[in-house]
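Here is a sequence with its predicted model. Questions after.
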Amino acid sequence: MSNSTAFFAPERMVIGDHVFIGHFSVIDATYGLSIGEGCQIGFFTGIFTHSSHAAIRLYGRAYVYAVEKKAYFTAPVVIGDYSFIGAHATLLPGTRIGRGSIVSAYSLVKGEHPDFAILSGNPAVVVGDTRTMDERLLTQHPELREHYESWVVAGASPAGKT
């Protein structure tokens, strides 16, 4: 984890083994964040579990005094094992990314997405399946198939964290 990344509520973050988080990212775990084993999170990435964009407009100056704000959105974020989040991507509250997925650089992601999804765009949509790319690579490097299948076929990381 980069020393230039800002972490909010790290005590509410569950993080798997062998995770990389790049420089100048903002990682908000205030309302729960799970980052699976082997994930890589690119530079300048934002992961958010709350959003005040609507509440600040609705309350105006009263926003700072309101204890329990309405239109203040909160939800955990889950990133499945062995997923890759590209540089400058933003994950919004309630995002759930399946294992083995790729989020393209500069994508804005919200909602639930399946395992092995390739997500791209603003808003991000599924544009492919990582298993197609992986199969081509495994054909070129068959010695890696055993490693790959150890987590793909099992359905979870060896530690069962996500």
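On my side now, so go ahead. Numbers count the residues shown, from 1 in each chain.

Return the distance of the lengthiest helix in the chain from the chain's centre.
Determined from DSSP state H, the single longest helix within the chain is helix 130-140. With C-alpha atoms, centre = their mean, to the nearest Å as the basis, helix 130-140 stands 23 Å off its chain's centre.

residues of the helix or strand following that helix that come out buried?
Using DSSP states H and E, the helix or strand that follows helix 130-140 towards the C-terminus is helix 145-152. Using 16 or more other C-beta atoms under 10 Å as the burial criterion, the residues of helix 145-152 that qualify are 148, 151-152. No exception for glycine: its C-beta is placed from N, CA and C like everyone else's.

before we move on, back to that, could you figure out how far the longest helix of the chain is turned away from helix 145-152?
Interaxial angle, helix 130-140 versus helix 145-152 (axes from the mean of the first three to the mean of the last three C-alpha atoms, to 10 degrees): 160 degrees.

What residues of helix 130-140 count as buried?
Buried positions in helix 130-140, judged by neighbour count with 16+ other C-beta under 10 Å: 130, 134, 138.

Using CSV, lay out these together with distance to Gly80 and pLDDT.
CSV is the format used below for those (distance: C-beta to C-beta, whole Å; pLDDT from 0 to 100):
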residue, distance to Gly80, pLDDT
Thr130, 11, 97
Asp134, 15, 95
Leu138, 20, 95
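
which one of those sits closest to Val26?
Of all these, Thr130 has the smallest distance to Val26: 25.6 Å, by C-beta to C-beta.

what's near enough to touch that closest one?
Residues near Thr130 by C-beta atoms under 8 Å, 6 or more residues apart in numbering: 100-102, 116-118.

Go again with 6 Å.
Counting by C-beta atoms under 6 Å, 6 or more residues apart in numbering, Thr130 touches 100, 102, 116, 118.

With Gly38 instead?
Going by C-beta under 6 Å, 6+ apart, the list of residues near Gly38 reads 18, 81-82.

cool, and Ser25?
Counting by C-beta under 6 Å, 6+ apart, Ser25 touches 5, 45.
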